[in-house]
Every structure is written in C-alpha cells, then in structure tokens.
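[1] predicted model and sequence below, questions to follow.
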Amino acid sequence: MTLVPNAAEATDADGLATRITPSVPPPKVRVDPTKEGVKAKATTKKKTRLTSSRKHKPSKKVAVPPPPPAIRPAAARLRHVKELRLNIGMCGRLQPDGTVPGPTRCQPEWATPAVEPTAGPTAPVVQQPRPQDVSWEQVLGESKDVVFPGLHVKVQPAGRTLVNLDTIVYTEDSKVSTTTVTLLGFPVVVEATPMSYTWSFGDGATLTTTSPGKPYPAKEITHKYMKRGGVRVSVTTNYAARFNVAGTGWQYIDGTVPITGPATPLLIREAVPILVDPPR
C-alpha cells in the first residue's frame with residue numbers, strides 16, 4: 001500500500017527546494033495487526049464523482065412550529081422600557097410594591113401608588129328641629145306655672161267655724177286657661193281646662209266634685225267637723241290639657257294634670273249652751 005505524503009518537494013530554477021502543501025487533506029489511516037503482518041485501512045472515505053452524484057434522501061422530520069412570541073401590552077412594554085431606563089447605574093431592582101430603591105427620580109410615574117384623599121374632620125350635621133319634635137314634657141315644664149294655676153279655697157264662715165256645723169267651701173279662680181310659649185323656635189299654644197276638684201278638709205276627709213262650688217247661701221259643697229282644733233283646707237284641680245305647635249293641630253294629653261293650690265287655715269270651735277235669763 002502506498003502512503004501519500006503530506007507535502008511534496010520541488011526544485012525551482014535556482015535549484016532551491018520548495019515544500020508544496022497539498023490542498024486536499026490526507027485520509028485517516030487505521031493500522032490493524034494480522035497474522036501475516038500489519039494491515040492499514042483508511043477510515044475516511046474519499047469523495048468521488050460517483051459518491052457526489054448520488055442523491056441522498058433527507059430523513060423525514062416532523063416540523064414543530066415555534067411557539068408564538070409573547071405579546072406584551074403597550075403599558076407593559078412601556079413599563080419595561082421605563083424600568084430599564086430608570087435602573088441604569090443608580091437605581092435598585094423593582095420592588096413587589098412597584099417602587100424602585102434609590103433617588104426620587106428612580107421612582108417611575110407608573111409605579112407611584114395612588115394616594116386616596118383622606119377624609120378630614122367634617123362639621124357635625126345640625127338637624128333642624130321639627131314641630132313633631134316638641135314633646136309634652138317640654139310643654140308642661142315651660143307652661144305649668146302659667147296655664148295650670150293652683151286654686152285658692154274660700155271657707156264660710158271665714159277663718160273659724162263650729163263643730164257639727166255645715167262649713168261651706170268653694171273657689172272663684174276656676175276657668176279655662178290659655179297661654180303661648182316658644183319651644184325649639186316654634187310657638188306653642190297650651191290650653192288647660194279644669195275637669196274635677198278634690199277637696200282636702202284637713203281632718204283626713206276628702207271629697208271630689210265636678211263643680212268649683214258656690215258661696216252662701218248656695219251650700220253646694222259643705223263639710224262638718226266633729227272636733228275642735230285647727231286645720232288647713234286645700235283643693236287639687238285636675239286639668240285636661242292640649243297643645244298646638246305652630247298651627248299643626250291640637251294634641252290632647254291622656255289623663256289629667258293634677259295641680260294642688262295653697263292651703264287655707266281654719267280654726268274649729270265648739271259651742272257650749274249657756275242658760276241665761278231673758279230680759280224683761
């Protein structure tokens with residue numbers, strides 16, 4: 001077997017030897033020992049016109065289409081560009097809350113959290129009073145001494161009386177009372193009408209009538225004292241009441257309003273019969 005040298009020597013016109021490097025690389029040789037000796041075998045196939053003219057059938061491969069590129073929204077692309085621009089040299093990495101550590105100019109406009117306006121102290125809402133807000137307790141407290149007078153008792157005989165004698169009691173102040181007061185800025189008309197009278201005679205006895213009584217000689221309301229002493233006579237007037245707030249209509253009060261007047265002192269005497277001679 002003939003080995004082809006890697007280079008050939010040639011002699012030029014001056015007689016100098018020149019090394020010529022072939023343009024085709026030498027084939028690779030493998031040496032295998034045999035019984036007869038050493039056998040050399042080329043491992044690189046030489047490309048000839050016969051081999052180059054053969055058509056190689058390409059192997060069948062299934063073409064897998066590449067995944068579509070991820071499309072970022074315009075805001076995301078802009079955010080990415082701003083982030084890259086702002087993080088050059090002086091800014092840190094983007095934090096989970098959207099901020100970037102560093103100077104003020106490192107904070108991107110898009111990452112600035114929106115600050116909601118805090119509600120400042122507001123003035124308390126003042127609710128305007130209404131006519132229905134006026135209560136009966138307010139009306140009574142404002143007009144009790146005016147429209148609900150305590151009646152004074154008159155006694156006959158005046159100042160002193162006798163045991164077992166009909167003593168007359170009555171009052172002259174009984175009448176319908178009307179007045180106007182102002183509550184919560186509204187005019188309130190209050191009216192009180194005497195409905196009944198409870199007489200207290202001072203000895204433990206009481207009497208309720210619908211009449212205020214009359215003076216002598218009517219003897220409409222009388223009382224007999226059974227023992228002598230001093231007592232105080234008084235009358236409690238039971239008023240029916242109603243009120244009208246700013247002309248919205250009358251409101252009537254359940255029950256009556258009892259008002260006790262001042263007491264009248266009374267001295268009770270006992271008469272003793274004396275036998276005397278009649279004049280002649």
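    Perfect, I can see it now. Since we're looking at a predicted model, the values are computed, not measured.

[2] tell me what the host helix or strand of residue 235 is packed against?
    Counting by DSSP states H and E, the secondary-structure element that holds residue 235 is strand 229-245. Identification of packing neighbours for strand 229-245 by 3 or more CB pairs under 8 Å, 6 or more residues apart in numbering; DSSP states H and E yields helix 136-147, strand 186-200, strand 250-252, strand 257-260, strand 264-269. C-betas here are computed from N, CA, C, even on glycine.

[3] and those: which comes nearest residue 164?
    Distance to residue 164, taken as CB to CB, is lowest for strand 264-269 among those, at 10.0 Å.

[4] which positions in that closest one come out as buried?
    For strand 264-269, a neighbour-count test (16 or more other CB atoms under 10 Å) marks 264, 266, 268 as buried.

[5] how about those residues in TSV, adding pLDDT and distance to residue 190?
    Converted to TSV, the buried residues of strand 264-269 look like this (pLDDT from 0 to 100; distance: CB to CB, whole Å):
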residue	pLDDT	distance to residue 190
264	94	28
266	94	34
268	93	40
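
[6] quick one, helices of this structure?
    The residue ranges that make up the helices of the chain, judged by DSSP state H, are 49-53, 74-86, 136-147.

[7] what mean pLDDT does the longest one have?
    Put plainly, it is helix 74-86. What helix 74-86 shows for mean pLDDT is 53.

[8] the shortest one now?
    For helix 49-53, mean pLDDT rounds to 53.

[9] can you pull out the low-pLDDT segments for the protein?
    Residues of the chain meeting the criterion pLDDT under 70: 1-65, 68-92, 103-120, 280.

[10] I'd say residue 173 and residue 148 touch.
    No: with contact defined as CB atoms under 8 Å, residue 173 and residue 148 do not form a contacting pair (11.9 Å).

[11] more neighbours: which of these two?
    Just comparing residue 173 and residue 148: by other CB atoms under 10 Å the higher neighbour count belongs to residue 148, 19 against 16.

[12] ok so, going back, could you check the angle strand 264-269 makes with the strand holding residue 235?
    Relative orientation of strand 229-245 and strand 264-269, computed by axes from the mean of the first three to the mean of the last three CA atoms, to 10 degrees: 160 degrees.

[13] sheet partners, orientation included, of strand 229-245?
    In the sheet containing strand 229-245, its partner strands are strand 186-200 (antiparallel), strand 250-252 (antiparallel), strand 257-260 (antiparallel), strand 264-269 (antiparallel), by DSSP bridges.

[14] quick one on the thing from earlier: and the buried residues of strand 264-269 as a markdown table, adding distance to residue 235?
    Converted to a markdown table, those look like this (distance: CB to CB, whole Å):
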| residue | distance to residue 235 |
| --- | --- |
| 264 | 9 |
| 266 | 13 |
| 268 | 18 |
